[in-house]
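Chemist: Could you look at this predicted model? Sequence included:
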Amino acid sequence: MKFIANFIKKNFYKIKRKFLKHSYIYDKLIGQILKDKGIITENQLQEALTVQKETLYNAGRLVRLGQVIVNLGYASEEKIVKTINESYKINVTSLKDNIKELITEKRGTFYEKLPNPGLPIWMQLSIAATFLIILIIFLSSYTNLSRQKKSLYMQTVKIGKISLNYFVNNSSVPLLENNILRLNTLIKEASDVEGIFYALILNNDKIIMAHTDLNKIGSALENNYVKSNVKHEKKVTYFNCTLPTGEKILNLIQPVVFKGKELGEVHVGVSIDFIERAIKKDRDLIIIKALFIIAVGIGIAILIGLWFSNPFSELLIAIQEIGKGNYKHKVKINRKDEFGTLGLAFNKMSDELNMNALMKESFGKYIGSDILQMIISNPESEWLKGVKNEATIIFTDVRGFTAYAETKEPEEVVENLNEYFEIATNTILYFGGYVDKFIGDAVLGVFGIPVFQKDHAKRAMMATIALQKRFESNKKNSLLSKIGIGVNSGIVVSGNIGSQQKMEYTVIGDSVNVASRLSSLAGPGEVIISKTVYDHLRDEIKVEALGPKKIKGKAEPVETFKIIRMEEN
């Protein structure tokens, strides 16, 4: 048994955590419902949970919360069962039913209730990638266009300065001589320069002496525009402005100085509308290119999104299947990257879970589900090392089995034996006991160990009466009419018995031997009990005293009783 415990401890750790977590979740939910319905108080709930944990971790006994509440006298089993049925709309007949499974079937598993994602991950990745592409194109385009605009503007300033400097250098003498003809000849040359919108020369009285528009010669300068971006560089002042015609102009001004005396100033206007036109043209081209890049980027983003999201979808489906108990489900991710490694790891995990489930089911058949759950829940508990407890043992045996087997075909003998064992096992388990072992044609059942039961004697007697009735009602299997049953209560030692190669959890002691001897005293269809059982159930059973009987292994005779019936409550 130690071998089994160590094996399960190493390989069933995940099942242990899942079992404990789910058990406590459901127990707490049921406890909360009982509290909300006024069946128990908050203090009673907390005390019951504390007793449950202490029993589980200290004594290795699995006691359901509802049973703990009943044992503590806080509520009756009938009231708890009724409350659970009304709250969850299920049909529980007793606290021994698998309430967690019934609730899960009614309400669905956690994985089945997972909300569907608002947007598939491939779409989220596509949107994110598209947004990133647009952001990069916008930032790069804005930066490039701004740099280009600044470069064109500075180039325009340079052109304007060259023209301005030419006019200033050649207009000082004509201004000094008041030679309007020569000044206009000089200005006329400016109209041939590309980009020059206008040029004019003023005297000290701000009268236009020369202008590219001859109609303005002799008039005063009108400053009917708004200046912006005004800058001063040595003697040159320039700024942006918009003329009444809507033309955007870079206006450059420089005074005309001769031998330290200011004679007037030169104005040169350079159109900067071409900058906006050039930028707009480049912007349109960039937009066309950007749309093409975005379209291609969206396509690539969708492909990348699907490439990334498919493994997640596979894993989600696999998790849902595992959650439903389908441990044979496999993830199909044939990739040589982290996703492929994750898929292999997931498949390995599902194989181990499947093996663990099979092992759990198989071990449960050999050692009993209660013991298996105890090993899983607390494999290092003291009960594995051997403990003393009071329990009730029932021992069933076939009278004249050897003679019976000699007159029947082997197939029939095995078939009838299996039916007998099936009836005995199901009945013992139904009333809260466990089948310790099959010994030839005998069955050893135990109540009160390993699961704590205050009423172990009553449970054992109810199981015995039920067995007796089922054996009597089955007329097809003649073997069942030959079974005698012995029942005894007393102190037994339970724990691992065996060697390193083979161990089993079992009960030993004088009480077990007495139950076996009582079984041998019982005739076909009879149930013989000891005085300890009778003392437990004196007011609940009708018996026939058989008197003291000499039993092998006992120095003194043992008082025995034959069960007539169990009184109805």
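Modeler: Great, that's in hand. Numbers count the residues shown, from 1 in each chain.

Chemist: Every contact and neighbour count from this point should use C-alpha atoms.
Modeler: Fine.

Chemist: Off-centre distance for the strand ranked longest in the chain?
Modeler: The longest strand of the chain (DSSP state E) is strand 483-498. Remark: strand 483-498 is offset 45 Å from the chain centroid, using C-alpha atoms, centre = their mean, to the nearest Å.

Chemist: Partner strands of that strand and their direction?
Modeler: strand 387-398 (antiparallel), strand 503-508 (antiparallel), strand 527-530 (parallel) (DSSP bridges).

Chemist: what mean pLDDT does the shortest one have?
Modeler: Over the span of strand 527-530, the pLDDT mean works out to 94.

Chemist: Toward the C-terminus, what is the element adjacent to it?
Modeler: The C-terminal neighbour of strand 527-530 among helices and strands, as given by DSSP states H and E, is helix 531-536.

Chemist: helices or strands up against that following helix?
Modeler: Where contact means 3 or more C-alpha pairs under 8 Å, 6 or more residues apart in numbering; DSSP states H and E, helix 531-536 is packed against helix 456-473, strand 483-498, strand 558-566.

Chemist: returning to that earlier point: next, the angle from the longest strand of the chain to helix 456-473.
Modeler: 130 degrees (axes from the mean of the first three to the mean of the last three C-alpha atoms, to 10 degrees).

Chemist: As PDB, could you dump the C-alpha coordinates of strand 483-498?
Modeler: Output of strand 483-498 as PDB, limited to C-alpha atoms (Å, rounded to 0.1, in the frame of the first residue of the first chain):
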ATOM      1  CA  ILE A 483     -24.900 -16.800   2.300                       C
ATOM      2  CA  GLY A 484     -24.500 -16.300   6.000                       C
ATOM      3  CA  ILE A 485     -23.500 -13.000   7.500                       C
ATOM      4  CA  GLY A 486     -21.700 -12.100  10.700                       C
ATOM      5  CA  VAL A 487     -21.500  -8.600  12.300                       C
ATOM      6  CA  ASN A 488     -19.300  -7.400  15.100                       C
ATOM      7  CA  SER A 489     -18.300  -4.000  16.500                       C
ATOM      8  CA  GLY A 490     -15.100  -3.200  18.300                       C
ATOM      9  CA  ILE A 491     -11.600  -1.700  18.100                       C
ATOM     10  CA  VAL A 492      -9.600  -2.500  15.000                       C
ATOM     11  CA  VAL A 493      -6.200  -1.500  13.700                       C
ATOM     12  CA  SER A 494      -6.300   0.000  10.200                       C
ATOM     13  CA  GLY A 495      -3.300   0.900   8.000                       C
ATOM     14  CA  ASN A 496      -0.800  -0.400   5.400                       C
ATOM     15  CA  ILE A 497      -0.200  -4.200   5.700                       C
ATOM     16  CA  GLY A 498       2.200  -6.100   3.500                       C
END
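
Chemist: can you tell me which of the strands paired with strand 483-498 the model trusts least?
Modeler: Among the strands paired with strand 483-498, strand 503-508 carries the lowest mean pLDDT, at a mean of 81.

Chemist: pull the CA atoms of that one into PDB?
Modeler: C-alpha atoms of strand 503-508 as PDB (Å, rounded to 0.1, in the frame of the first residue of the first chain):
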ATOM      1  CA  MET A 503       0.800  -3.700   0.300                       C
ATOM      2  CA  GLU A 504      -2.800  -3.100   1.000                       C
ATOM      3  CA  TYR A 505      -4.900  -0.900   3.300                       C
ATOM      4  CA  THR A 506      -6.900  -3.200   5.600                       C
ATOM      5  CA  VAL A 507      -8.200  -3.700   9.100                       C
ATOM      6  CA  ILE A 508      -6.900  -6.300  11.500                       C
END
